[in-house]
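Novice: Predicted model and sequence below, questions to follow.
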Amino acid sequence: MNKTISIFLILFVVITICVSQDTVRVGAFNLYPGIFLDVDGEVKGFYVDALNDLGKKENIVFKYVYGSWEQGLARVKNGEVDMLTSVAVTEERLAYMDYTSTPLLTVWSEVYVNPNSEINGILDLEGKTIAVMKSDFNGGFLKQLTDKFDVSCTFVETDDFEKVFELINSKQVDAGVVNNTFGAPKSVQYGLLSSGIVFNPFDIFFTVKKDTNQVLLKILNTHLYKWKHDLNSVYNIALQKWSHDNVGAIEVMPGWVRKAIYSVLLLIAILMIFIGLLRYRVKVATRKVKYSELLFKTFMENTPAYVYIKDNKLKHIYRNRMVDRVNKVQPSNKNSSAKTIFEPDIVQMVEKTDYEILNSEVKQTNLQYQCKLNGKDTWLHDYKFYLRLPNSEAAVGGVSFDITKLKETEFELIKAKEKAEESDRLKSAFLANMSHEIRTPMNGILGFSELLKQPDLNNKDKDKYIDVIEKSGTRMLNIINDIIDISKIESGQMVINNQALNVNHIIDDLYGFFQEDAKGKGIDFEMVKGLTNVEASLTSDSDKLYAVLSNLLKNAFKYTFSGSIEFGYRYHSTKTELEFFVKDTGIGIVESQLEKIFERFIQAEIDDKMALQGAGLGLAISKAYVEMLGGRIWVESEFGNGSTFFFILPFKTSEAV
């Protein structure tokens, strides 16, 4: 009976443990040897070994969901998996993933090629086709790097690093970029070589979905920190095992055994070095010389600067590939003299400084000048200095940098500064003018309000004073409305309300509204309607269209004292746009002001005989409204001979209104 109870208790404990196990879904992809799908259909790698060991200790079952790298990112974002391995930090990923505090590895990007490739540096990628993995940090950084060096090349995206190497091996692409962890072991399998283009060292981490799985993240942080600080940890041993293709059982070697092996190996190495010391020393010396030459050549041929050395006759005795490229000299013809590509005045200036250095008048100098390189206007910063050659002859060393973008930025900053100062000046003038414009109608309202208080005021004077107050109030209201509208436009709060409208109705309304002004001034006032009422139906913002035409007509009546005013619309070029116009025979606009009158606050800068009165915002508001409606506005005028304002709007037809 007791045995039966014991068996049931044991079974209950086992079942409880099994049931309580947590399952964590891991996004798996092909990143050999960290994580990959083996030929037997199992997901393997040193991450898998480490996680499986962690699972035993923490009672967690790790299940692997295999796919491409891009699918892995999408799955953790959508919650289809709980965690990912080998994730670099980017702003985009931080939005939907949390990272462990301790990195898994520090890796870097490396460009691989076939053995017979002539790609040795970043500039050799010009015109080449390069394979990258979709959504990969390594490929993205190479794209930025080629853009920075102005290297034009074509990128082909693949699902994983394995496909990148397959495309290189089959010569469907010229090169491919992967990280070094994958590239080191796999390049041997595919018979590929590193091009020597190594860049962008970065850390990779375990990650979980943002703001979820925090318990899992804490567990990963705890174990990862211990793993990284213990040489005999399962993580470090698995890393060594898979990185060196020693796919056997993970064995933790005692420290004293490891030290003993190292001591024996060191002793053997010392004996071997002692036996072949003389021959070794010769080989080492030769190798150092060759390496130094290769290192110097690699650096000089890949630097974006123009590097050269001139002898005392100003002939190049050394120049790097950048100098050959702009001088159109083949790299194989290093003994030929590079022809000058500069303008005569620049050549004279350059040679003058060269001779000053050769004659020891100066030891070094800096020049900045603009020239044409490969048909483009280019700014160069040329640093020259004195050299003493091994044969004791004097020479000139030089390093030139392309500072065109720096100069363009400098010029843009100067223009921006001037524009800001001009804007500040105009706003100051506007505010001064605005205070006057507001005080004038305000004084009219207050002054004539006082006059209305007179007890013996007759009806004629009373009506006259009331008329002045009404006009001053209208003027004040218009100024305030303009200020509110321009504020909404400046802050981006002005809303377009497109709806069905009939242009002819708007033209008729405006004609009726301004007819009294025309009669009062004795001005001929005409309207032009380019379409019938049925044809004139379109979709737009009727309030904005009415406001633009109203502002232009107000200006026309303000500056026209005799003659005529004509306004309306017609087809423009094709039947996809309508051209509106307001034509007057007023005082016109001086040519120097034609480009400025649509700018905000410009009225404060216009001559008094043109400005008359107003806040100077009507045309700026009209221009903003027209552009909001998808059109453009301009003016044609001659001072003293009237003006014609035009604006074009898209003709989007609608049902008849």
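Specialist: Received it, and whenever you're ready, just let me know what you need. Numbering: from 1, shown residues only.
Novice: Take stretch 272-286, keep the C-alpha atoms, and write them as PDB.
Specialist: The C-alpha coordinates for stretch 272-286 follow below in PDB (Å, rounded to 0.1, in the frame of the first residue of the first chain):
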ATOM      1  CA  MET A 272      60.500  24.600 -33.000                       C
ATOM      2  CA  ILE A 273      61.300  28.300 -33.000                       C
ATOM      3  CA  PHE A 274      64.800  27.600 -31.600                       C
ATOM      4  CA  ILE A 275      65.500  25.000 -34.300                       C
ATOM      5  CA  GLY A 276      64.500  27.100 -37.200                       C
ATOM      6  CA  LEU A 277      65.500  30.500 -35.800                       C
ATOM      7  CA  LEU A 278      67.700  31.800 -38.500                       C
ATOM      8  CA  ARG A 279      65.400  30.900 -41.400                       C
ATOM      9  CA  TYR A 280      62.500  32.200 -39.400                       C
ATOM     10  CA  ARG A 281      64.100  35.500 -38.800                       C
ATOM     11  CA  VAL A 282      64.700  36.000 -42.500                       C
ATOM     12  CA  LYS A 283      61.100  35.000 -43.300                       C
ATOM     13  CA  VAL A 284      59.700  37.300 -40.600                       C
ATOM     14  CA  ALA A 285      61.800  40.300 -41.900                       C
ATOM     15  CA  THR A 286      60.700  39.700 -45.500                       C
END
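Novice: which non-adjacent residue is nearest residue 99?
Specialist: Nearest residue to residue 99, sequence neighbours excluded (C-beta to C-beta, 6 or more residues apart in numbering): residue 205, at 4.4 Å. No exception for glycine: its C-beta is placed from N, CA and C like everyone else's.
Novice: try residue 63
Specialist: Closest residue to residue 63 apart from its sequence neighbours, by C-beta to C-beta, 6+ apart: residue 25 at 5.4 Å.
Novice: how close does that neighbour sit to residue 535?
Specialist: Per C-beta to C-beta, to the nearest Å, residue 25 is found 64 Å from residue 535.
Novice: Can you get me a residue count around residue 373?
Specialist: Residue crowding around residue 373 was assessed by other C-beta atoms under 10 Å; the count is 17.
Novice: I meant residue 618, not that one.
Specialist: 23.
Novice: My read is that it contacts residue 554, right?
Specialist: Yes. Under the criterion of C-beta atoms under 8 Å, residue 618 makes contact with residue 554 at 6.7 Å.
Novice: taking the mean pLDDT, what do you get for stretch 316-326?
Specialist: This predicted structure assigns stretch 316-326 an average pLDDT of 75.
Novice: buried residues in that stretch?
Specialist: 316, 319-324, 326 (16 or more other C-beta atoms under 10 Å).
Novice: quick one: that stretch to chain centroid distance?
Specialist: With C-alpha atoms, centre = their mean, to the nearest Å as the basis, stretch 316-326 stands 33 Å off its chain's centre.
Novice: can you check stretch 489-504 too?
Specialist: 32 Å.
Novice: residue boundaries of the strands in the stretch 301-450 of the chain?
Specialist: 306-310, 316-319, 364-373, 376-388, 394-402 (DSSP state E, counting those that start in this stretch).
Novice: of the buried residues of stretch 316-326, closest to residue 266?
Specialist: Proximity of those to residue 266 (C-beta to C-beta) peaks at residue 320, which lies at 42.8 Å.
Novice: quick one, phi psi at that closest one?
Specialist: Main-chain dihedrals, residue 320, degrees, to the nearest 10: phi -90, psi -180.
Novice: So for this structure, the centremost residue is which one?
Specialist: The residue lying closest to the centre of the chain (C-alpha atoms, centre = their mean) is residue 144, at 10.4 Å.
Novice: Distance check, that residue against residue 138.
Specialist: Applying C-beta to C-beta, the value for residue 144 to residue 138 is 11 Å.
Novice: And residue 495, by the same measure?
Specialist: Residue 495 sits 46 Å away from residue 138, going by C-beta to C-beta.
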